[in-house]
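# here you go, sequence then predicted model.
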Amino acid sequence: MEWHREEFTITDDRGKVQAEAVAGLLAKTYWGKKRPREVVEKLIPNSLCFSLLRNGKQAGFARVVSDYTVFSWLSDLVIDDEYRGRGLGRWFLECILNHPEVGKTQFVLQTTNAHGLYERYGFRGSEKIMTRLPGISPA
């Protein structure tokens, strides 16, 4: 699917994801700064990917990991600093949350910022989520 607004396009076409540019965007974030391009290239085919493009150039990225029935994990939503403050984050999130493949699933995300944005779209904090980091052995 594609959505258009002025010179921007949002697409779920994995073939339009520019891995090098996405790795560069993620390198500027607190969560993806240590994620090399090789890892980005591996996550693309295993996720429902969304690219925010400005005249064909990667300006943002997000992905959803889902069973497409009940559960979706929103991850790696990032917009290039140059394009922030234009309402693109809201538009990006609306397109993702209304996507026909995942729009009716329960969404979860993990973030330390932009809580106000996500709360506008129905996300609420929870103390019930547990995470397990790689490399942890059973006690």
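Arrived safely. Numbers count the residues shown, from 1 in each chain.
# how about the nearest residue to the residue positioned nearest the centre of the chain, chain neighbours excluded?
For the chain, residue 62 is the residue whose C-alpha lies nearest the centre (CA atoms, centre = their mean; 2.1 Å). Once flanking residues are discounted, residue 62 sits nearest to residue 77: 3.9 Å by CB to CB, 6 or more residues apart in numbering. Heads up, the C-betas are built off the backbone N, CA and C, glycines and all.
# what helix or strand is the residue nearest to the centre of the chain located in?
Assigned by DSSP states H and E, residue 62 belongs to strand 57-66.
# quick check: buried residues in the helix or strand following that strand?
Downstream of strand 57-66, the next assigned helix or strand under DSSP H and E is strand 71-79. Of the residues in strand 71-79, 72, 73, 74, 75, 76, 77, 78, 79 count as buried by neighbour count, 16 or more other CB atoms under 10 Å.
# next, the angle strand 57-66 makes with strand 71-79.
Angle, strand 71-79 to strand 57-66, by axes from the mean of the first three to the mean of the last three CA atoms, to 10 degrees: 160 degrees.
# contact partners of strand 71-79?
With CB atoms under 8 Å, 6 or more residues apart in numbering as the contact definition, strand 71-79 has outside contacts at 25-26, 28-29, 31-32, 43, 47, 52, 59-66, 88-89, 92-93, 96, 102, 105-110.
# could you list which of the residues you listed belong to strands?
Those of the contacts of strand 71-79 mapping onto strands are 52, 59, 60, 61, 62, 63, 64, 65, 66, 106, 107, 108, per DSSP state E.
# how close does the last one get to residue 66?
Read that as residue 108. Per CB to CB, to the nearest Å, residue 108 is found 10 Å from residue 66.
# same list (the buried residues of strand 71-79) but as a markdown table, adding distance to residue 126 and pLDDT.
Shown next, in a markdown table, are those (distance: CB to CB, whole Å; pLDDT from 0 to 100):
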| residue | distance to residue 126 | pLDDT |
| --- | --- | --- |
| 72 | 15 | 97 |
| 73 | 14 | 96 |
| 74 | 14 | 96 |
| 75 | 17 | 95 |
| 76 | 20 | 96 |
| 77 | 18 | 95 |
| 78 | 23 | 96 |
| 79 | 25 | 97 |
